[in-house]
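Visitor: Next input, structure requested:
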Amino acid sequence: MTYGVVQVDAFHHLLQNSFLSASSLHQLQRVLPRSIPFALIIEKRAGTRPLCASPTAALKMVKAIRVHEHGGPEVLKWEDVEIGEPKDGEIRVKNKAIGLNFIDVYFRKGVYKASAMPFTPGMEAAGVVTAVGPGLTGRKVGDLVAYAGNPMGAYTEEQILPAEKVVPIPPSIDPTIAASIMLKGMTAQFLLRRCFQVKPGHTVLVQAAAGGVGSMLCQWAKALGATVIGTVSTKEKAAQAKDDGCHHVIIYKEEDFVTRVNEITSGEGVDVVYDSVGKDTFEGSLACLKLRGCMVNFGQSSGTPDPVPLSALSVKSLFLTRPSLMQYTATREELLETAGELFANIASGVLKVRVNHTYSLSQAAQAHADLESRKTSGSVVLIPDGC
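Guide: Below you'll find the model as predicted:
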């Protein structure tokens with residue numbers, strides 16, 4: 001199977017080593033009588049950390065970041081938590097690196113709601129399998145794997161995961177790179193290849209071009225033959241965006257990006273805008289689109305955009321979408337294809353991954369503060385203490 005600029009057959013073959021489906025924690029709750037204390041423990045912690053399947057299974061303590069109330073970075077607490085043995089369809093993974101993403105901030109603040117409180121944030125990680133559930137085939141202790149998306153809970157030294165949600169890491173990809181790129185890279189893949197299919201001759205605008213996803217979008221869009229316009233906040237980030245393939249870079253603090261895009265496109269506008277900034281850029285992004293252009297809002301780092309009346313789209317017959325990676329990797333096949341194309345592009349050199357910042361997992365609060373204040377660029381990775 002060929003995707004754009006690289007051949008991915010070899011990687012897709014590697015990733016086809018599939019896993020059995022994970023059993024539901026809620027099914028376990030229905031099976032165990034409520035009179036059993038352990039069943040009540042399971043119920044209380046459902047949606048946070050998977051525990052062992054029976055009161056006789058061994059529990060051990062690991063360190064994790066926990067959120068007991070919504071708020072600023074200070075609500076991220078470094079605590080001991082219990083972890084048990086994997087059940088049917090599950091594996092236990094000792095994390096080697098954990099990706100930091102703005103979606104973690106949204107959950108911490110309460111913009112997105114966790115299924116229960118307290119909870120462990122984190123949506124992507126890479127590590128080594130330390131245990132497999134009964135009868136599970138396709139995975140073994142010692143395998144290097146990565147995941148992105150649900151279930152949330154990556155900010156921990158070790159975690160239980162549904163085997164069907166992880167992908168094996170190719171030998172050519174370092175686990176730290178995998179952890180830094182799974183969520184951001186697979187997001188870039190579905191945005192460019194499926195949400196709006198970028199083709200040669202298209203002109204695209206990438207807001208926050210020096211960010212983790214922005215960097216991937218710029219590199220990948222250029223490789224697909226598009227003209228890439230990127231917005232950044234500083235001259236340093238402008239240099240990175242240029243290096244990532246932006247044909248035109250706009251420092252939005254120095255010039256109005258709508259006016260500049262209009263000049264660059266000779267008044268025609270762009271085919272698609274990829275906007276993860278939200279409130280501060282949303283209306284301007286719409287104004288940058290050409291007739292029948294597509295507005296892709298996939299984040300709101302500056303806040304939730306104000307409501308948009310349908311009449312605002314009718315002026316130029318615009319398309320507007322608010323996609324999520326989880327809906328674009330809903331099946332095992334979609335997950336494997338998305339990760340396969342991402343890994344192939346990294347291995348071939350089409351995509352350069354910048355892990356510009358690393359923090360100890362216990363320092364997650366500082367990492368969140370730096371991310372929100374836009375002191376970071378590229379990918380940010382949390383390393384479990386002692387790794």
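Visitor: Could I get the full set of helices for the chain?
Guide: 9-15, 25-31, 37-45, 102-109, 175-190, 212-223, 235-243, 257-264, 282-287, 310-314, 325-328, 332-348, 364-372 (DSSP state H).
Visitor: packing partners for the shortest one?
Guide: Identification of packing neighbours for helix 325-328 by 3 or more CB pairs under 8 Å, 6 or more residues apart in numbering; DSSP states H and E yields helix 175-190. For every residue, glycine as well, the C-beta is placed using N, CA and C.
Visitor: 10 Å instead, please
Guide: helix 175-190, helix 332-348 (3 or more CB pairs under 10 Å, 6 or more residues apart in numbering; DSSP states H and E).
Visitor: Any regions of the stretch 151-300 of the chain where pLDDT drops low?
Guide: Along the stretch 151-300 of the chain, the model assigns pLDDT under 70 to no residue.
Visitor: my guess is Leu325 meets Gly299, correct?
Guide: No: between Leu325 and Gly299 there is no contact under CB atoms under 10 Å: 11.2 Å.
Visitor: Compare those two (neighbour count), which wins?
Guide: Neighbours of Leu325 and Gly299, each counted by other CB atoms under 10 Å, are more numerous for Leu325; the result is 25 against 21.
Visitor: Around the spatially closest residue to Ser172 that is not a sequence neighbour, how many other residues sit close by?
Guide: Setting aside the residues directly before and after it, Ser172 is nearest to Ala347 in space (CB to CB, 6 or more residues apart in numbering), at 4.8 Å. Using other CB under 10 Å, Ala347 has 17 neighbouring residues.
Visitor: Give the full set of residues in contact with the residue lying closest to Val141 once chain neighbours are set aside.
Guide: Nearest non-adjacent residue to Val141, counting by CB to CB, 6+ apart: Val129, 5.5 Å away. The contact partners of Val129, by CB atoms under 10 Å, 6 or more residues apart in numbering, come to 86, 91-94, 136, 139-145, 161, 163, 166, 168.
Visitor: What separation is there between the residue positioned nearest the centre of the chain and Glu236?
Guide: Nearest to the mean C-alpha position of the chain, by CA atoms, centre = their mean, lies Leu183 at 2.5 Å. Distance, Leu183 to Glu236, using CB to CB, to the nearest Å: 24 Å.
Visitor: Return the set of buried residues in stretch 116-132.
Guide: Using 16 or more other CB atoms under 10 Å as the test for burial, stretch 116-132 gives 118-129, 131-132.
Visitor: Inside strands: which ones of the residues you listed?
Guide: Glu124, Ala125, Ala126, Gly127, Val128, Val129, Ala131, Val132 (DSSP state E).
Visitor: Could you give the bridge partners of the fifth one?
Guide: Pointing back at Val128 there. Note on Val128: beta-bridge partners by DSSP bridges are Lys94, Leu144.
Visitor: That one contacts Val93, doesn't it?
Guide: Yes: counting by CB under 10 Å, Val93 is a contact partner of Val128 at 6.9 Å.
Visitor: before we move on, back to that, closest to Gly230 among the ones in strands among the buried residues of stretch 116-132?
Guide: Glu124 (23.4 Å; CB to CB).
Visitor: Mutual contacts of Leu325 and Gly299, please.
Guide: With CB under 10 Å, 6+ apart as the test, Leu325 and Gly299 both reach Ile103, Thr187.
Visitor: Could you count how many residues lie near His68?
Guide: 12.
Visitor: can I assume Cys246 is in contact with Val228?
Guide: Yes: when contacts are counted by CB under 10 Å, Cys246 is listed as touching Val228 (4.9 Å).
Visitor: tell me, what's touching these two both at once?
Guide: With CB under 10 Å, 6+ apart, Cys246 and Val228 have common neighbours Val204, Val206, Ala209, Leu217, Cys218, Gln219, Ala221, Lys222.
Visitor: Run through the residues that contact the fourth one.
Guide: Right, Leu217. Taking CB under 10 Å, 6+ apart, one finds 184, 187-189, 191-192, 198, 204, 206-209, 211, 226, 228, 230, 244-246, 274, 276, 296, 298 in contact with Leu217.
Visitor: how about 7 Å then?
Guide: Each residue near Leu217 by CB atoms under 7 Å, 6 or more residues apart in numbering is listed here: Ala188, Leu191, Leu192, Val206, Tyr274.
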